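**Student:** I'd like to go over a predicted model; first the sequence, then the structure.
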Amino acid sequence: MDAAAEVRKVVIPVAGLGTRFLPATKSLPKEMLPLLTKPTIQYIVEEAAASGLDDVLFVTGRLKRAIEDHFDLLPSMEVHLASRGREDLLQRVREPAALASFHYVRQPSPLGLGDAVLRARHHVGRAPFAVMLADDVYVADPPAIAQLLRAYREAARSVVAVTRVPRDEVGRYGVVALPPGADPALGRVAALAFVEKPRPEAAPSEWAVVGRYVLEPEIFEILERTGPGAGGEVQLTDALNELARRGRVDVLAVSGERYDVGEPIGFVEATVALALSDPELAPRLGRFLKGLLSADLRPAAARGPGGSAGGTGCA
Ligand code: UTP
């Protein structure tokens, strides 16, 4: 039987507070911040849909209504655009709702990613399922989650995406312990253990967990028994560690470009990269960036009187 053919459901937790984007996220979900004209969450759902995941469950929370509205129809806008013959815009407005079937479950308070995933138990049932985090936007072909689904199909074991990070950054991630000499960039590798946010000197490797997973439903029974871990939150990493102890989970380095849009600098990088890959935007943005880079970028105080750091300038 083709196990991956059964994976139709994806869980997308969006109940976090997004504190790194305050004050923007006081009233706006960080997942709705736009990369060019599309909110980041649409890139995630498009990746899921392109990989055959047509049943999306958002684990949502207070202040996240805008996500529900985005993946719904908006008849008043459609009537308005249709009356003006704007077929191009009509298409853009309708697109999100057509990507998948959408379901919602609430996480009453942000107790951690593990707690958020556990909220999906009823909807997912006893089938394998995908988890995608909206903080990680991938530009990849095949899509990142499709690469994991393929790996899942090969072995019907849970599989988690990892990426290599500099050792001084491991403390921001869950980190995997691997068998000696194993290289997840060459193919799936059995995970020996997972550690959440280790100190650099204590990290078992430089391979960090990123936001793409295909999980067997046994994760729910493990999460039920997982108490708060690092930062006082219920960590998915701790449940993955139990899966590793049972010898039931692999890791794989997916190929492609990953942008961490959960933090402002990664968001800027993603915006610039996407704009530079757009033939309409690239020429002007390229000129703008070249101008900035050739200007003197030292702070004004260091440049002395009359110094300029570039910009378009105004009279
Ligand atoms: P983050 O660690 O990025 O937390 O969560 P956050 O609240 O979104 O952002 P910051 O760190 O305060 O800026 C990773 C993913 O897990 C979800 C988040 O929505 C995000 O997609 N999450 C986290 C939940 O759904 N519930 C939680 O309790 C925690």
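**Tutor:** That came through, no problem. Residues are numbered from 1 along each chain as shown.

**Student:** going forward, measure contacts and count neighbours with C-alpha atoms only.
**Tutor:** Will do.

**Student:** What's the local residue count around Ile265?
**Tutor:** Other residues within reach of Ile265, judged by other CA atoms under 10 Å, total 12.

**Student:** no wait, Thr271
**Tutor:** 16.

**Student:** tell me the pLDDT at it?
**Tutor:** Per-residue pLDDT puts Thr271 at 98.

**Student:** and what of Ala315?
**Tutor:** Ala315 is assigned a pLDDT of 31 by the prediction.

**Student:** Likewise for Ala309?
**Tutor:** Predicted confidence (pLDDT) for Ala309: 46.

**Student:** quick one: the closest residue to Glu224 other than its chain neighbours from Ser205, how far?
**Tutor:** Nearest residue to Glu224, sequence neighbours excluded (CA to CA, 6 or more residues apart in numbering): Leu118, at 7.3 Å. From Leu118 across to Ser205, the span is 27 Å (CA to CA, to the nearest Å).

**Student:** swap in Met77?
**Tutor:** Here the criterion is CA to CA. By it, Met77 lies 51 Å from Ser205.

**Student:** which of these two has more neighbours?
**Tutor:** Remark: of Met77 and Ser205, Ser205 carries more neighbours, 19 against 14, as counted by other CA under 10 Å.

**Student:** Number of residues surrounding the residue of the stretch 201-315 of the chain found nearest the ligand?
**Tutor:** Scanning the stretch 201-315 of the chain for the residue nearest the ligand gives Gly262, at 5.8 Å (criterion: CA to the nearest ligand atom). Neighbour count for Gly262, taken as other CA under 10 Å: 20.

**Student:** State whether it is indeed within a helix.
**Tutor:** No - with DSSP: H, G, I helix; E, B strand; the rest coil as the criterion, Gly262 is coil rather than part of a helix.

**Student:** show me what contacts it?
**Tutor:** Residues in contact with Gly262, defined by CA atoms under 8 Å, 6 or more residues apart in numbering, are 18, 20, 30, 134-136.

**Student:** out of those, which is most surrounded?
**Tutor:** Counting neighbours by other CA under 10 Å, Lys30 leads the contacts of Gly262 with 28 neighbours.

**Student:** That one contacts Leu22, correct?
**Tutor:** No - the criterion here is CA atoms under 8 Å, and Lys30 misses it with Leu22 at 9.2 Å.
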